[in-house]
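Trainee: Whatever this is, show me its structure:
(2 chains)
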Amino acid sequence: MTDLSLPTALQAPSPRRKKALANRFTPWFFLAPFLTVFAAFFVAPVGYALYLSLFIKKRGGFGPARQAFGGLTNYVRAFQDSEFLQSLLHILLFMVIQVPLMLLAATALALILDGVKNGFAGRFFRTAFYLPYTLPSVIAGLLWGYLYSKNLSPFNQITGLKTDFLASGILLFSIGNIVTWTWTGYNMITLYAALQNVPGELYEAARIDGASNWDLTRYVKLPLLRPALTLSAIFSVIGTMQIFSEPFVLRPLGYVPDNITPNTYLYLVVARDGNFSYGAALAVLLAVFTFILSGFFLRSVQGES
Amino acid sequence: MSGALRSEAPARRLGKPRKSSGPRFTPLQTAILLLFAFYCLLPLWWMLTTLAKDNGQLFSTPGFLFALPSHLSENLHTLFTRQDGIFARWLVNSVVYAGLTAAGSMVVSAMAGYAFSKFRFTGRDALFNVILATIMVPSTALVLPIFLLMQQIGLINTYWAVILPGLVNPFGLYLMRLFWDAGFPSELMEAARIDGASEGTIFYQLGLPLVRGGLVTVALFAFVGAWNNFFLPLVVVNKEELFPLTLGLSVWNQTSSSSGQEPLYTVIVLGALISILPLVIAFLSLGRYWQGGLASGAVKG
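Mentor: I've put the predicted structure just below:
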């Protein structure tokens, strides 16, 4: 009788409770490696960039410049830095021209390939379209760089012209072409996979209702593609913000301005000018812009549906 | 953002080809497909026709056509002997960087994905969403502070500097969670617990074999990402003997176009082909894995 009235806490823990306690720690044991690298190579750098971005170089009289707290000075400077703003404009241009064109092509190709039996031809085209993605962006940049270069270009050799694909007027489009070449097939495969996962009965039902091929595409397939397309668009926007290798390897082959993309500008601010704190501020701004753009995009797509 | 990422993907089968809904391509469709295939393959074709030329032939023979006599062996010789055969060193470096990143990222993602998939704990969903959202942070924004932090602990110019940051792989984590959700039933786990199996045994001996497809997919994407990485090594290593292929070739491109030396164009093209061969082979032979990965919304490098 007295035994039964003992508070549970004083009783010897049952195996079950022990197990429950162990279970509380088990997930953290499995999470530990990921969280460790995440803390070291994501959280810490982000925190450090934020901290660093608040400092400025001060030159007081003689001697080397010192780091001094500058508050938001670097951010204010970024918004007045016409070279930086220009690089953002380039990216914006990419987003309104290159991204939609690429996704349009990817969607069209995915729809065509999905409409036909998955035979040899289908496999060949999927592989061919996908192949460019397997190239490192540096290598893609190099290859196209040689194809573009005024002296080397086989296009010029064939046509007998002396087109400079790296001239300042069309440089952005030439880079856009490299990006399109690399990523269209990749996006096509994503969209194609989404189409292939639609149960066939859905199409049969639509056909029985008398839907034509075009109806099927317009009213069944395109709406079904929406989530995959949204995802592709967001990743394209993120990818666009990160363009670096292509213009970087084109630099030795022609005149590529430092601020062709925000990333090349950021890199040169740091690597050439050694201005780490301003670079950190630019990095933070870029991350914030990417967040805003992706969020804005997601919101507008969700709002429509 | 992450809500959308999550809600749609698990519904999809991971890369299972399905039926067809029509008979054959119309002429217009065929034309479009051929045209685009031409566009995709043309630069690769140019690469094949160029790698056996010497500099003279590059300018004197028609582009896109093979030229005789072949200078393939000379170009190979230059490629592997220039600067005391540093190209081979770069090749080895790339294999080490990509291999260790792939292995490490696979282990780390598999464990964390398991925790998110099979356990309930406080803050689980919030933590998962935060980690996924970090996909949106441009890598350049990270590489700069990573460089500065590494400088303080002396990691710059080491293999670790290139490998460790690649272990943070939110997409791998996401993918592994999907595979654990779909491939390892919780009832099986409960049954093993009742039989007295330890948590480690359940994960390692019972669980892992069931998500083998996920492991290969994550490792494949991590390998490709690391193999193709350029910005991170550009910033964190500046000794040529630590360069990966991407960085090494880019430096050769820079020096051969600017200084007074004999340009290396065709040798670089040959090096470029060698540097992409492992990836092309990996993708062609592991086709079903990358298609599965892409089907669940793979992320750009």
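Trainee: Look at the residue of chain B found nearest chain A and give its secondary structure.
Mentor: Sorted by distance to chain A under Cβ to the nearest Cβ, the residues of chain B start with B:Gly63, at 2.2 Å. Quick note: C-beta positions are derived from backbone N, CA and C, even for glycine. Assigned state for B:Gly63: coil (three-state reduction, DSSP: H, G, I helix; E, B strand; the rest coil).
Trainee: so how far is B:Pro263 from it?
Mentor: Applying Cβ to Cβ, to the nearest Å, one obtains 16 Å for the distance of B:Gly63 from B:Pro263.
Trainee: Looking at these two, which is more packed in?
Mentor: When neighbours are counted by other Cβ atoms under 10 Å in any protein chain shown, B:Gly63 and B:Pro263 differ, and B:Gly63 comes out ahead with 21 against 17.
Trainee: mind listing what that one touches?
Mentor: Under the criterion of Cβ atoms under 8 Å, 6 or more residues apart in numbering or on different chains, the contact partners of B:Gly63 comprise A:Ser153, A:Pro154, A:Phe155, A:Gln157, A:Ile158, B:Trp46, B:Thr49, B:Thr50.
Trainee: for it, phi and psi?
Mentor: As for B:Gly63, its main-chain torsions (degrees, to the nearest 10) stand at phi -70, psi 160.
Trainee: pLDDT at it, what is it?
Mentor: What the model reports as pLDDT for B:Gly63 is 79.
Trainee: Need the pLDDT of residue 200.
Mentor: Went with chain A since none was named. With respect to pLDDT, A:Gly200 has a value of 76.
Trainee: Wait, chain B was what I had in mind.
Mentor: pLDDT, the model's per-residue confidence, is 88 for B:Gly200.
Trainee: how about stretch B:29-42 against chain A, any contact?
Mentor: Yes - against chain A, stretch B:29-42 shows contacts by Cβ under 8 Å from any Cβ of the partner chain at B:Gln29, B:Ile32, B:Leu33, B:Phe36, B:Ala37, B:Tyr39, B:Cys40, B:Leu41.
Trainee: quick one: the fourth one and A:Ala105 touch, right?
Mentor: Pointing back at B:Phe36 there. Yes - assessed by Cβ atoms under 8 Å, B:Phe36 is found in contact with A:Ala105 at 7.3 Å.
Trainee: Need the overlap of contacts for those two.
Mentor: Residues touching both B:Phe36 and A:Ala105 by Cβ under 8 Å, 6+ apart: A:Thr184.
Trainee: could you flag which of the residues of stretch B:29-42 next to chain A are buried?
Mentor: For these, a neighbour count by 16 or more other Cβ atoms under 10 Å in any protein chain shown gives the buried set as B:Gln29, B:Ile32, B:Leu33, B:Phe36, B:Ala37, B:Tyr39, B:Cys40.
Trainee: Against A:Gly141, how distant is the closest residue in space to the first one that isn't next to it in sequence?
Mentor: By that I understand B:Gln29. In space, not counting the residues next to it along the chain, B:Gln29 is nearest to A:Ile112; the distance is 4.8 Å by Cβ to Cβ, 6 or more residues apart in numbering or on different chains. Plainly put, A:Ile112 is 29 Å away from A:Gly141 if you go by Cβ to Cβ.
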